[in-house]
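Chemist: When you get a sec, could you give me coordinates for this:
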Amino acid sequence: MSLALNNTRASQVAVIDLNSGNLLSLETAIKTAGFSLTTVKKPNDDLLTTCDVLVMPGQGRFAYVMQQINDTGWREFLQEWVRNGKRLVGICVGMQVLFEGSEEDPETNGLGLFKGRCQKLSHPKTPMVGWAKLDSYKLTMKDQYAYFVNSYAISECHFGTSKVNYGSSFCAAVQRGNLYGFQFHPEKSGSFGRELIKHVCQ
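Modeler: Below is the predicted model of the structure:
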């Protein structure tokens with residue numbers, strides 16, 4: 001699979017550092033794909049004019065990631081970013097917080113950019129750690145193997161673009177316009193994941 005860049009200028013990508021995981025592998029994958037990269041802890045108005053793509057990774061508990069988002073002022077900024085049609089990519093818990101909430105922390109509100117709540121899934125082993133085959137109509141993901149680390153996920157979504165079955169079926173990816181979510185880790189999913197990062201950031 002080859003997803004060549006057609007841009008005359010490489011996209012300016014910013015990774016949001018929510019203090020919820022090691023960013024090195026993601027930053028390396030984005031740089032390897034040929035994009036200019038910055039890492040940001042707090043939102044600022046300059047991002048609206050200097051940045052093309054925001055990538056929001058997250059690991060750990062739903063409530064912790066949302067607390068980081070709220071405490072650093074990202075909630076309102078991200079909602080405005082998406083309203084303006086700017087590209088946002090959420091990875092792992094960074095995808096889950098795009099939804100309204102999670103069974104993991106029922107009293108914590110997500111960003112509500114997608115309808116639905118994450119549920120604890122009936123994995124053969126919890127957490128799910130390892131590779132699984134994607135069921136997708138998108139050529140960029142169809143029959144590809146991706147790397148997962150999760151115990152919670154969205155079971156159904158109208159904007160789902162990929163599913164996976166690991167004891168139970170759940171959404172592996174969602175998309176609405178320029179808003180993307182991946183429950184798996186593209187940066188840890190080999191050559192497929194690197195091509196996917198290139199595709200969604202271009």
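
Chemist: show me the contacts for Arg117.
Modeler: 99-103, 110, 154 (Cβ atoms under 8 Å, 6 or more residues apart in numbering). In short, each C-beta sits where N, CA and C put it, glycine included.

Chemist: Next, Lys86: phi, psi?
Modeler: Main-chain dihedrals, Lys86, degrees, to the nearest 10: phi -80, psi 160.

Chemist: Tell me, how many residues neighbour it?
Modeler: 18 (other Cβ atoms under 10 Å).

Chemist: nearest spatial neighbour of it, skipping sequence neighbours?
Modeler: Nearest residue to Lys86 in three dimensions, chain neighbours excluded: Asn178, at 6.4 Å (Cβ to Cβ, 6 or more residues apart in numbering).

Chemist: what pLDDT does that neighbour get?
Modeler: Looking at Asn178, its pLDDT reads 97.

Chemist: so it touches Gly85, yeah?
Modeler: Yes. Taking contacts as Cβ atoms under 8 Å, Asn178 lies within contact range of Gly85: 5.8 Å.

Chemist: higher neighbour count, these two?
Modeler: Remark: of Asn178 and Gly85, Asn178 carries more neighbours, 16 against 9, as counted by other Cβ under 10 Å.

Chemist: rewinding a little: can you redo the contacts of Arg117 as a markdown table with pLDDT and neighbour count?
Modeler: Output for the contacts of Arg117, formatted as a markdown table (pLDDT from 0 to 100; neighbours: other Cβ atoms under 10 Å):
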| residue | pLDDT | neighbour count |
| --- | --- | --- |
| Phe99 | 98 | 23 |
| Glu100 | 98 | 15 |
| Gly101 | 98 | 21 |
| Ser102 | 98 | 26 |
| Glu103 | 97 | 13 |
| Gly110 | 98 | 22 |
| Ile154 | 96 | 25 |
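
Chemist: low pLDDT regions in this structure?
Modeler: For the chain, the stretches with pLDDT under 70 are 1-9.

Chemist: redo that, cut-off 80
Modeler: For the chain, applying pLDDT under 80 flags the ranges 1-9, 21-22, 123-125.

Chemist: how distant is the longest helix anywhere in it from the center of its chain?
Modeler: Using DSSP state H, we find that the single longest helix of the chain is helix 190-201. Computed by Cα atoms, centre = their mean, to the nearest Å, the separation of helix 190-201 from the middle of its chain amounts to 12 Å.

Chemist: With that, I have no additional questions.
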